[in-house]
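Student: coords below, sequence missing:
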Ligand code: OTU
């Protein structure tokens with residue numbers, strides 16, 4: 001029987017249809033007594049806190065209807081749903097009873113509190129090995145993070161991977177074993193507590209679209225009798241005996257890594273099957289039509305929570321549900337899946353929130369952002385269009401997009417960033433935002449790719465093409481912030497004026513990531529203006545993946561240059577330090593933002609406002625000096641004079657217009 005509810009319905013007392021509520025109450029009523037007996041017994045046997053069951057039961061009562069509603073929507077047709085639901089609740093209870101006391105205290109303090117929207121939190125991201133060698137090494141670097149002002153640290157995947165290629169850790173062989181060269185689970189737990197003691201939250205990846213092809217679940221299939229893998233509904237992966245279905249699916253699927261393989265399926269000789277592999281051959285997509293996969297992955301997810309994760313980055317979220325004849329991206333069921341996971345977190349690890357990693361069309365990006373789904377989301381539009389405006393010296397597309405795409409539901413926030421460990425994809429909207437300005441999206445992306453790979457005459461950028469697809473003409477761009485912003489070229493050509501312009505661009509991009517509503521993210525190493533790392537080409541496991549150019553080792557030997565005035569290291573790190581400080585201004589407390597047109601398209605102007613407090617941000621996106629008439633400034637500021645939070649000269653209308661040097665930003669406020 002199909003339940004009568006729309007996919008992705010809002011969770012919350014009012015959002016759940018009465019029929020679902022009744023079915024959930026009935027299901028829970030049947031499972032609760034055995035669950036309670038089991039929980040109480042474990043508590044007694046292990047001498048745990050007596051009230052642990054009561055706390056769990058209260059959360060279960062609140063969130064089970066949503067959890068069950070989404071499971072019904074995904075799995076209503078299956079006769080084994082109640083079996084799997086019972087198993088799932090046991091997994092959740094076990095996880096809760098094993099949750100370290102420190103984390104349970106965080107649950108008590110943070111349950112229902114949108115702590116992740118605190119405007120003072122600055123996020124940072126790094127690879128453990130490339131930043132600090134290993135987990136104990138990273139723990140030793142916490143004072144450095146504190147000095148930078150970091151309040152949330154995202155560690156790139158650090159769990160066990162296959163030998164050789166592993167997509168930078170995104171092919172996970174075991175979610176409960178740390179990569180041996182990085183340390184152990186105990187080291188990870190110790191790091192999490194040390195970070196928490198320093199007031200820094202921890203973000204880890206939940207790579208739940210796929211596992212590595214040598215994960216235990218895949219090995220078990222290889223070891224199993226061939227007949228036992230015939231039942232597709234029971235398999236953990238999506239496997240096909242021949243090309244019939246793969247050929248049919250491939251027609252409507254986008255190739256994500258076209259340079260590595262054509263189509264989305266790989267042949268596994270051990271299994272004699274074609275396996276769904278959206279990314280690399282060694283990353284096997286999970287079969288979420290099988291509820292057992294959801295239950296298994298729930299166990300892995302809650303294990304991550306109990307290791308001390310405050311944020312889980314939902315890797316490749318858009319791809320998790322497949323449907324023949326569709327793009328199999330962002331299907332309605334994906335929302336049910338994430339909401340079901342989220343409801344489970346509210347029951348068993350409520351201090352934790354989700355970060356959506358959907359680097360897709362802006363309408364699709366926002367579809368994941370909801371207190372009941374992902375409370376945080378990358379802001380790929382702000383990221384890509386910041387670079388777009390640097391190439392065109394024109395902020396119209398950026399302004400147009402921001403003017404109607406910034407608002408989020410209460411309790412949710414953007415993660416604003418300049419670049420990540422990945423490539424840059426030009427995910428703006430063609431139909432409304434670009435076409436409205438007379439921009440042809442296809443041509444514009446081709447231009448941006450040429451510009452950032454340095455192929456466009458006069459370009460300052462030295463990026464690398466990533467996943468060029470000769471079939472579609474698509475490509476993305478890899479490179480560090482500094483190299484894409486022109487520093488690599490300027491230094492190699494020994495042009496000091498160009499060096500300063502490149503630094504201006506780096507700080508312009510970070511300035512906007514800090515000034516817009518949401519949490520700004522620093523890619524660690526960017527504070528030292530780190531250039532592309534060309535060494536990846538010598539490593540056969542990395543040579544084909546140009547994203548390694550933007551994953552350089554932390555150049556600790558260059559840290560002393562931060563104290564040598566005039567070096568790029570000093571200028572960029574000083575600029576970032578100032579951004580961290582001034583962001584604490586009360587105007588940034590609420591997300592309210594108004595985008596302005598100051599009459600020069602090279603200027604990005606907007607006001608951040610909270611109650612009586614306001615900051616007017618004026619950002620020059622070109623290498624020419626720009627003058628903004630004092631009348632315009634006074635009108636936008638609603639005041640005749642202001643100070644510049646970034647340390648520029650105070651402005652007063654009686655003295656004259658506002659002058660913006662190349663790439664300069666002014667953050668003007670009355671107080
Ligand atoms: C993510 O990115 C990770 O960030 C990548 O590092 C991984 O390779 C990948 O998943 C597989 O785990 O295609 O180029 O639109 O949003 O999900 C990066 C697709 C990617 C992206 C994203 C994916």
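Tutor: Here it is on my side, so go on. Just so it is clear, the model here is predicted, and its values are computed rather than measured.

Student: The nearest residue to residue 445 once chain neighbours are set aside: helix or strand, and which one exactly?
Tutor: In space, and not counting its chain neighbours, residue 445 is closest to residue 426: 4.5 Å by C-beta to C-beta, 6 or more residues apart in numbering. All C-beta atoms are positioned from the backbone trio N, CA, C, and that covers glycine. In the assignment (DSSP states H and E), residue 426 maps to no helix and no strand.

Student: what's the distance between residue 426 and residue 433?
Tutor: Look at residue 426 and residue 433: by C-beta to C-beta, to the nearest Å, they are 12 Å apart.

Student: Low-confidence regions, the stretch 401-550 of the chain specifically.
Tutor: Within the stretch 401-550 of the chain, not a single segment meets pLDDT under 70.

Student: What parts of it come near the ligand?
Tutor: Applying C-beta under 6 Å from any ligand atom, we find that the stretch 401-550 of the chain lies next to the ligand at 422, 423.

Student: related to what we said a few turns ago, what is the burial count for the residue nearest to residue 445?
Tutor: 24 (other C-beta atoms under 10 Å).

Student: Residue 391 is in contact with that one, correct?
Tutor: No - using C-beta atoms under 8 Å as the test, residue 426 is too far from residue 391 to be in contact (10.4 Å).

Student: Need the overlap of contacts for these two.
Tutor: Residues touching both residue 426 and residue 391 (C-beta atoms under 8 Å, 6 or more residues apart in numbering) are residue 448.

Student: Return the residues in contact with the residue in the stretch 151-300 of the chain that the ligand sits nearest to.
Tutor: In the stretch 151-300 of the chain, the residue that lies nearest the ligand is residue 170 (3.4 Å; C-beta to the nearest ligand atom). Residue 170 sits next to 157, 205, 207, 279, 283, 315 when contact means C-beta under 8 Å, 6+ apart.

Student: among those, which are in reach of the ligand?
Tutor: 207, 279, 315.

Student: now the first one: how far from residue 255?
Tutor: Applying C-beta to C-beta, the value for residue 207 to residue 255 is 20 Å.

Student: Give me the more crowded residue out of the two.
Tutor: Ranked by neighbour count (other C-beta under 10 Å), residue 207 and residue 255 place residue 207 first, with 25 against 18.

Student: who's residue 474 bridged to?
Tutor: With DSSP bridges as the criterion, residue 474 is bridged to residue 469.

Student: Could you list every helix and strand in contact with the top helix by length along the chain?
Tutor: In the chain, taking DSSP state H as the definition, the longest helix is helix 18-46. Other elements packing on helix 18-46 under the criterion 3 or more C-beta pairs under 8 Å, 6 or more residues apart in numbering; DSSP states H and E are helix 52-75, helix 81-98.

Student: tell me the most buried of those helices?
Tutor: Of all these, helix 52-75 has the most neighbours on average by mean count of other C-beta atoms under 10 Å, namely a mean of 21.

Student: could you check the angle helix 18-46 makes with that helix?
Tutor: Helix 52-75 and helix 18-46 are oriented at 140 degrees to each other (axes from the mean of the first three to the mean of the last three C-alpha atoms, to 10 degrees).

Student: tell me the average confidence for helix 52-75?
Tutor: The average of the pLDDT scores along helix 52-75 is 97.

Student: do stretch 182-190 as well
Tutor: The average pLDDT within stretch 182-190 is 98.

Student: Return the residues of this protein in contact with the ligand.
Tutor: 167-168, 170, 207, 256, 279, 315-316, 357-360, 422-423.
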